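pasting the structure only:
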């Protein structure tokens, strides 16, 4: 594997990615009325593409408007009328500016659908999200017929987006959304063919990936995002992850992104005190890396036939090149691009050697980035507040405004929550 960030990558389906830097999937909140793609989301993705990434992954595009990750998600949950399809085509065209490969992440939020959207969300079983504040309502278990409908929806959404011009899709099976919930035995307590053994818990995932490939054909990218672990005792483990990776080998997947955590264990947020800890022996150079999930990815690379992408915490050229030398195919970067969209171009050209870290401010507890205690609720609160900084900057990109390098996080969180409530009533 080349360690040159500017080198081209050819995926198994034949799609060529011009360099090894990807804009990671980040929820945008930029949809227009009825979840349609419009000028704001196209403007943001054109900026990211012009900034020099080789591949751009969208945030959650929802397969069912009843179960969204947030109110202003783009929704593609069935046949689109002419205006909606025109918006999706403009979105895809913008994301592909300058030869960037555009991949649409498709998702179902499951029990992590906010109560403002779904008074009764759904999941594999009636197991609630263990967070206070009433953000998520008590879920009900999906029926077998509804599970089959979910699988069909992934395929319909994928085909529609590829017809609109996207180069492929990523099936989201991480971060505690519906497919991730099925994989997690703490949440999936079913005793039918969709629960129990890992093979049964993975059935929705594997059948969704298979249906997506059948729908989009052999020449489009089919990617997946999978947790290395949920980091919950008795939950989806790294051993489970490796077994699911082996199941994926037969499904013609082009790119496997490794991540981790969920809303109850927000390891993907990068908040101090929540970083994932690899259960095995780790080389000192790996410990020193800023990449949260690299140690897990190294083990996945040994087991997987599929090219592997890693996202989470990358900031320096040295860490990115070390990851490529270790066999990583693509390096995903998210948060820095919410502030400096030109950073990838400048890193690849050699103008800079690192991405700046942003999100300055205090919320709860002590320490620059948040609490030093083991209180998971406070950690989660700080994580969401930290994320609000980036949400606000994504909105600024969509509105064509300059981004901000600093922001007090508590006001940002309050502004974000108020906007989410407004969107829930109007979109």
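Ah, there it is. All figures in this text were calculated on a predicted structure; none of them were measured in a lab. Residues are numbered from 1 along each chain as shown.

worst-scoring helix or strand of the protein, pLDDT-wise?
helix 284-288 (a mean of 45; mean pLDDT, DSSP states H and E).

give me the number of residues near the residue nearest to residue 125 when sequence neighbours are not counted?
Nearest residue to residue 125, sequence neighbours excluded (Cβ to Cβ, 6 or more residues apart in numbering): residue 189, at 4.2 Å. Glycine gets a C-beta too; all of them are placed from N, C-alpha and C. Using other Cβ atoms under 10 Å, residue 189 is surrounded by 15 other residues.

residue 189: what's it in contact with?
For residue 189, the contact set (Cβ atoms under 8 Å, 6 or more residues apart in numbering) comprises 124, 125, 127, 195.

next, count neighbours for the last one.
Yep, that's residue 195 we're talking about. Residue 195 has 18 nearby residues by other Cβ under 10 Å.

and what about it, helix, strand or coil?
For residue 195, the assignment made with DSSP: H, G, I helix; E, B strand; the rest coil gives coil.

for it, which non-adjacent residue is closest in space?
Leaving aside its sequence neighbours, residue 195 sits nearest to residue 188 (Cβ to Cβ, 6+ apart; 5.0 Å).

ok, that neighbour touching residue 197?
No. Under the criterion of Cβ atoms under 8 Å, residue 188 is not in contact with residue 197, lying 10.7 Å apart.

okay, those two: which has more neighbours?
Using other Cβ under 10 Å as the criterion, residue 188 and residue 197 rank with residue 188 on top: 22 against 10.

roughly how far apart are the more buried one and residue 202?
10 Å (Cβ to Cβ, to the nearest Å).

repeat for residue 111
The gap separating residue 111 from residue 202 is 18 Å, by Cβ to Cβ.

the more surrounded of those two?
Taking neighbours as other Cβ under 10 Å, residue 111 and residue 202 compare with residue 111 leading, 27 against 21.

what residues are up against that one?
121, 122, 123, 127, 128, 129, 136, 139, 178, 181, 187.

quick one: what helix or strand has residue 208 in it?
Using DSSP states H and E, residue 208 sits in helix 203-216.

buried ones in that helix?
For helix 203-216, the buried set under the neighbour-count rule, 16 or more other Cβ atoms under 10 Å, comprises 203-213, 215-216.

which one of the residues you listed is nearest to residue 90?
When the buried residues of helix 203-216 are ranked by distance to residue 90 (Cβ to Cβ), residue 216 comes first, at 20.2 Å.

wait, isn't that closest one in contact with residue 162?
Yes. Under the criterion of Cβ under 8 Å, residue 216 makes contact with residue 162 at 4.7 Å.

list residues touching both of the two?
Joint contacts of residue 216 and residue 162 (Cβ under 8 Å, 6+ apart) are 168, 169.

now residue 296. Nearest residue, chain neighbours left out?
residue 228 (3.6 Å).

same question for residue 311.
residue 332 (3.0 Å).

following element in sequence after the helix or strand encompassing that neighbour, please.
Take DSSP H and E as the rule and residue 332 turns out to sit in strand 330-333. Later in the chain than strand 330-333, the nearest helix or strand by DSSP H and E is helix 343-349.

by contact count, what packs against that next one?
Identification of packing neighbours for helix 343-349 by 3 or more Cβ pairs under 8 Å, 6 or more residues apart in numbering; DSSP states H and E yields strand 21-23.

in its sheet, what does the strand it packs on sit against?
Using DSSP bridges, the strands paired with strand 21-23 are strand 55-57 (parallel), strand 330-333 (parallel).

looking at those, which is buried most?
Highest mean neighbour count of the strands paired with strand 21-23: strand 55-57, a mean of 28 (counted as mean count of other Cβ atoms under 10 Å).
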